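**Student:** Output the structure for:
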Amino acid sequence: MELEQRQYPIGKWTPKKKYTSKEIARNIAILEKYPTKYRRLVKKLSDEELAKSYREGAWNVRQLVVHISDMHILHYARFKQALCEPNPVGFLAKINDWNSMNEVATANVTDAVMLLEATHKRWVHLMESMSDEDFKRTFFHPLRQVNLTLEQALAMAAWHVRHHFEHIRIALAS
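**Tutor:** Below you'll find the model as predicted:
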């Protein structure tokens with residue numbers, strides 16, 4: 001497998017200007033079902049397997065699971081921000097710093113998956129209560145330096161959860 005395929009196994013995320021209600025529902029469904037997929041994938045992994053990486057110099061499986069859990073809390077919080085104030089600057093995390101913290105090296109992946117499950121349950125519940133107009137609300141993404149609508153942010157999150165799931169599958173297959 002080539003480096004680009006390892007780095008972007010489902011391709012790079014590119015936002016669309018608009019999303020149909022079917023696309024929004026599909027992306028919500030992805031967020032609803034992927035925590036269970038993560039649970040099944042990592043539930044019986046050994047420390048050796050959790051230390052595997054999908055490419056040289058990349059995060060290992062444990063770091064990926066913790067990262068997806070941490071970042072989706074952030075994504076959820078950005079939704080709440082955007083629903084409560086006009087075009088806020090979205091919360092920013094120094095993801096490499098977060099993932100190099102000592103606690104990540106020994107984090108229990110089951111706990112990280114539980115956190116992902118709970119976050120996604122709340123987030124899905126929030127999105128199911130949102131109107132079409134709510135999904136048009138925006139926030140400024142400080143890392144990407146762009147305004148995103150919540151429908152774009154949802155698409156990005158659905159891509160993100162699938163992207164790292166595939167990273168883990170690649171790591172475990174090697």
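**Student:** which residues touch residue 125?
**Tutor:** Residues in contact with residue 125 (CB atoms under 8 Å, 6 or more residues apart in numbering): none are found. Quick note: C-beta positions are derived from backbone N, CA and C, even for glycine.
**Student:** my read is it is in a helix, agree?
**Tutor:** Yes - using DSSP: H, G, I helix; E, B strand; the rest coil, the assignment for residue 125 is a helix.
**Student:** Tell me how far it lies from residue 32.
**Tutor:** Applying CB to CB, to the nearest Å, the value for residue 125 to residue 32 is 10 Å.
**Student:** do the same with residue 170
**Tutor:** Distance from residue 170 to residue 32, counting by CB to CB: 24 Å.
**Student:** how about the nearest residue to residue 73, chain neighbours excluded?
**Tutor:** What sits nearest to residue 73 in space, not counting adjacent residues and going by CB to CB, 6 or more residues apart in numbering, is residue 119, at 5.3 Å.
**Student:** who's in contact with the one you found?
**Tutor:** Residue 119 sits in contact with 69, 72-73, 76, where contact means CB under 8 Å, 6+ apart.
**Student:** Let's see that with 7 Å instead.
**Tutor:** 72-73, 76 (CB atoms under 7 Å, 6 or more residues apart in numbering).
**Student:** Pretty sure residue 140 sits in a strand.
**Tutor:** Yes - when three-state DSSP is applied, residue 140 is found to be in a strand.
**Student:** What's the local residue count around the closest residue to it other than its chain neighbours?
**Tutor:** For residue 140, ignoring the flanking residues on the chain, the nearest one in space by CB to CB, 6+ apart is residue 89 at 4.8 Å. By the criterion of other CB atoms under 10 Å, residue 89 has 12 neighbours.
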